[in-house]
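Novice: From the sequence below, what's the structure:
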Amino acid sequence: MLNNNLLENTQFLKVFTQTFLPNTLFTLLLFLHLNSIAQFNVDEQSGGDNYYSENFMRFDNHTYQQNVKTVMLHPKDWPIAAPFIVLNDPNSTLELHFDILDSALGNFMYEMIHCDYNWKKSELDVQEYIDGMPSDYLMEYDYSRNTFQKYIHYSLEIPNFNMQITKSGNYLLKVFDYDTEELILTRRFCVTENIVNVNAKVKQATLVRQRYSHQEVDFSISTASYQMTNPYTDLHVEVLQNHTWENRLSGLEPRFVKESTLDYDYDGPNAMEGLNEFRLLNLKNTRFNGAGIERVTYSSQENHAYLELDKSRASKTYLQNRDLNGWFYVSTNLSDPNSAALDADYVNAHFSLKQENPLSDGDVYVYGALTDWKIIAEAKMKFNQLEMKYENTLYIKQGIFNYMYAFVKDGEVQPDLSRFEGSHFETENEYSILVYHRPLGLDYDRLLSIKTLTFPPED
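Specialist: Next up is the predicted model:
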């Protein structure tokens with residue numbers, strides 16, 4: 001529904017145009033005005049994407065400006081962990097870090113938006129889930145030191161003195177430029193109450209067709225200490241692999257309810273591809289070759305790292321290799337870990353994948369946390385016919401990176417990671433089970449619990 005101010009503006013437009021403009025022009029202007037208002041309201045409420053607007057806010061992890069790099073949102077002092085915190089726990093906070101490749105200081109502000117379990121804007125007003133200011137300035141920043149690429153590093157801790165979170169659930173952190181109203185970035189995070197118990201285990205898939213490629217997540221939810229009237233309609237469960245939302249399991253219902261226990265021990269619907277261990281790239285040092293690097297060079301005041309030629313692993317047997325489950329962290333060999341955010345330089349990382357012939361049915365992309373777990377244009381690889389390989393260059397900050405090669409078939413949007421990486425039930429992965437509940441009469445989804453476990457189980 002349009003608010004009073006918008007209706008007043010519309011009425012003014014009507015009077016003005018009827019007085020001074022012909023009827024045809026009035027009709028056109030009024031239609032465009034109302035259409036733009038309706039479009040804004042629909043998009044803002046639904047959280048859907050409007051790809052015709054560069055500045056449209058997506059309810060997803062997204063960077064909106066090309067000079068925004070190395071965005072990280074994670075628990076304090078734990079850079080490769082999921083952005084999950086516990087409600088009303090003073091020791092449970094998140095850190096936001098990002099760089100602006102510019103020497104001019106931005107006038108940035110941030111705010112937090114409460115969402116439902118499906119990442120649509122909830123019905124709550126900001127005063128209902130934030131105790132304090134609805135928006136605030138980013139005051140923590142510093143300039144890069146001794147780097148060829150000059151940048152300004154911004155950081156933020158949430159919750160903080162000015163903003164305390166009072167409701168559990170999904171949240172979208174939004175950073176924007178106050179002067180230009182341009183969006184800078186959005187990032188998802190979750191606030192849990194941890195008031196129900198989740199018992200879970202991950203094992204080799206049960207179904208024969210999934211036996212050697214998938215992992216099965218079996219779990220049960222105990223509601224002995226929490227009243228739940230109808231779990232089949234009021235409860236929503238999401239299962240994440242390596243704390244990414246791109247390939248989550250959603251829509252699972254209890255197999256049966258026995259007293260205060262909800263059983264989710266299925267054969268098939270709760271299985272996910274195990275995939276493979278992520279490929280490793282060590283960019284901590286720009287003078288020597290780290291893991292995965294063939295050579296490093298410096299030219300035109302830029303660092304270059306040429307990665308070793310990668311090959312498809314689809315037909316190879318599983319090889320155990322510890323990884324970061326697709327994530328990365330900033331680090332250098334020449335600085336203290338606490339100052340790496342300012343001392344780390346940017347590097348042109350040249351990726352290459354051996355391929356005898358160009359693919360005729362789709363494209364290849366570099367994929368992982370370094371691309372926000374998205375299929376993005378910057379990560380698309382081009383085929384080099386002279387050297388028979390796919391190539392691409394990404395501009396990334398020094399540190400330890402994990403990545404894979406994703407195949408996207410023509411006409412589809414979902415990436416196929418097993419095309420070049422293979423899929424094995426033995427692969428080490430981390431799983432998170434998120435339990436949401438909206439009882440009758442409540443206007444938002446409470447996040448009752450987050451259960452995180454690894455496969456194979458840690459000793």
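
Novice: quick one: which helix or strand includes the residue nearest to residue 75 when sequence neighbours are not counted?
Specialist: Once flanking residues are discounted, residue 75 sits nearest to residue 81: 5.0 Å by C-beta to C-beta, 6 or more residues apart in numbering. For the C-beta atoms, the positions are set from N, CA and C on the backbone; glycine is no exception. Secondary structure assignment for residue 81, by DSSP states H and E: no helix or strand.

Novice: repeat for residue 286
Specialist: Going by DSSP H and E, residue 286 is not in any helix or strand.

Novice: okay, now residue 265: neighbour count?
Specialist: Residue neighbour count, defined by other C-beta atoms under 10 Å, stands at 15 for residue 265.

Novice: typed the wrong thing, it's residue 375
Specialist: When counting by other C-beta under 10 Å, one arrives at 18 neighbours for residue 375.

Novice: Wait, it touches residue 368, no?
Specialist: No. Taking contacts as C-beta atoms under 8 Å, residue 375 lies outside contact range of residue 368: 11.5 Å.

Novice: Mark out where each domain of the protein begins and ends.
Specialist: Domain assignment for the chain, taken from automatic domain parsing, gives 4-44, 62-192, 197-275+427-455, 279-421.

Novice: Distance from the chain centre to the third one, please.
Specialist: Which is domain 197-275+427-455. Distance, stretch centre to chain centre, for domain 197-275+427-455: 20 Å (C-alpha atoms, centre = their mean, to the nearest Å).

Novice: Please, where are all the helices along the stretch 201-350 of the chain?
Specialist: In the stretch 201-350 of the chain, the segments counted as helices under DSSP state H, counting those that start in this stretch are 231-234, 340-343.

Novice: among those, which is nearest residue 108?
Specialist: For residue 108, the closest of these is helix 340-343, at 16.6 Å, according to C-beta to C-beta.

Novice: Name the surrounding residues that touch the closest one.
Specialist: Residues outside helix 340-343 that contact it (C-beta atoms under 8 Å, 6 or more residues apart in numbering): 97, 142-147, 153, 155, 330-332, 334-335, 398-399.

Novice: contacting residues for the nearest residue in space to residue 256 that is not next to it in sequence?
Specialist: The spatially closest residue to residue 256, leaving aside those adjacent along the chain, is residue 263, at 5.3 Å (C-beta to C-beta, 6+ apart). With contacts defined as C-beta under 8 Å, 6+ apart, the neighbours of residue 263 are 220, 254-257.

Novice: Likewise for residue 238?
Specialist: Going by C-beta under 8 Å, 6+ apart, residue 238 touches 117, 248-250, 433-434, 436.

Novice: For it, give its distance to residue 370.
Specialist: Applying C-beta to C-beta, to the nearest Å, the value for residue 238 to residue 370 is 24 Å.

Novice: just to revisit the earlier point, please report the distance of the residue nearest to residue 256 from residue 272.
Specialist: Applying C-beta to C-beta to residue 263 and residue 272 gives a distance of 19 Å.

Novice: same deal with residue 236?
Specialist: Taken as C-beta to C-beta, the span from residue 236 to residue 272 is 18 Å.

Novice: residues of stretch 148-160 that come out buried?
Specialist: For stretch 148-160, burial by neighbour count (16 or more other C-beta atoms under 10 Å) applies to 149, 151-154, 156, 158-159.

Novice: Wasn't residue 420 part of a strand?
Specialist: No. Counting by DSSP: H, G, I helix; E, B strand; the rest coil, residue 420 is not part of a strand but helix.

Novice: could you list every residue that touches it?
Specialist: By C-beta under 8 Å, 6+ apart, the contact list for residue 420 reads 312-314, 353, 364, 404-407.

Novice: Check it and give its pLDDT.
Specialist: If you check residue 420, the pLDDT there is 97.

Novice: How about the one 3 residues further on?
Specialist: For residue 423, the model assigns a pLDDT of 97.

Novice: Once you drop chain neighbours, what's closest to it?
Specialist: The shortest distance from residue 423 to any non-neighbouring residue, by C-beta to C-beta, 6+ apart, is to residue 213 (4.1 Å).

Novice: Would you agree the one you found is in contact with residue 417?
Specialist: No. Using C-beta under 8 Å, residue 213 is not in contact with residue 417; the gap is 11.5 Å.

Novice: so what sits against both of those two?
Specialist: With C-beta under 8 Å, 6+ apart as the test, residue 213 and residue 417 both reach 273, 423.

Novice: OK, contacts around the residue nearest to residue 302 when sequence neighbours are not counted?
Specialist: Spatial nearest neighbour of residue 302, chain neighbours left out: residue 348 (5.9 Å); criterion: C-beta to C-beta, 6+ apart. By C-beta under 8 Å, 6+ apart, the contact set of residue 348 is 302-305, 393-395.

Novice: what does the model give residue 348 for pLDDT?
Specialist: In this prediction, residue 348 has a pLDDT value of 97.

Novice: Same question for residue 39.
Specialist: 35.

Novice: Can you give me the distance of residue 215 to residue 234?
Specialist: According to C-beta to C-beta, residue 215 stands 28 Å off from residue 234.

Novice: which one of those two has more residues nearby?
Specialist: Neighbours per residue (other C-beta under 10 Å) separate residue 215 from residue 234, with residue 215 holding more: 25 against 15.

Novice: does that one have beta-bridge partners, and which?
Specialist: Beta-bridge partners recorded for residue 215 (DSSP bridges): residue 204, residue 272.

Novice: so who does it touch?
Specialist: When contacts are counted by C-beta under 8 Å, 6+ apart, residue 215 touches 202-205, 271-274, 425, 427, 429, 455.

Novice: Of those residues, which count as buried by neighbour count?
Specialist: Listed as buried from the contacts of residue 215 are 202, 204-205, 271-274, 425, 427, 429, 455; burial here means 16+ other C-beta under 10 Å.

Novice: Show me which of these is closest to residue 123.
Specialist: residue 272 (31.8 Å).

Novice: Could you verify my assumption that that closest one touches residue 249?
Specialist: Yes. Using C-beta under 8 Å, residue 272 is in contact with residue 249, at 6.4 Å.

Novice: Need the residues touching each of those two.
Specialist: By the contact definition C-beta under 8 Å, 6+ apart, residue 272 and residue 249 are jointly contacted by 217, 239.

Novice: ranges for the strands of the stretch 351-459 of the chain?
Specialist: 362-367, 382-384, 389-397, 399-409, 429-437, 446-455 (DSSP state E, counting those that start in this stretch).

Novice: Among those strands, which comes closest to residue 135?
Specialist: Comparing these by C-beta to C-beta, strand 446-455 comes nearest, at 23.0 Å.

Novice: Parallel or antiparallel, which strands does the closest one pair with?
Specialist: strand 429-437 (antiparallel).

Novice: Show me what the mean pLDDT comes to for the partner strand.
Specialist: 98.

Novice: For that strand, output the C-alpha coordinates as PDB.
Specialist: Provided in PDB are the C-alpha atoms of strand 429-437 (Å, rounded to 0.1, in the frame of the first residue of the first chain):
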ATOM      1  CA  ASN A 429      32.700 -31.000   4.500                       C
ATOM      2  CA  GLU A 430      31.000 -28.900   7.100                       C
ATOM      3  CA  TYR A 431      27.200 -28.900   7.500                       C
ATOM      4  CA  SER A 432      24.900 -26.500   9.400                       C
ATOM      5  CA  ILE A 433      21.300 -27.200  10.300                       C
ATOM      6  CA  LEU A 434      19.200 -24.100  10.900                       C
ATOM      7  CA  VAL A 435      15.800 -24.500  12.600                       C
ATOM      8  CA  TYR A 436      13.200 -21.700  12.100                       C
ATOM      9  CA  HIS A 437       9.800 -21.500  13.800                       C
END
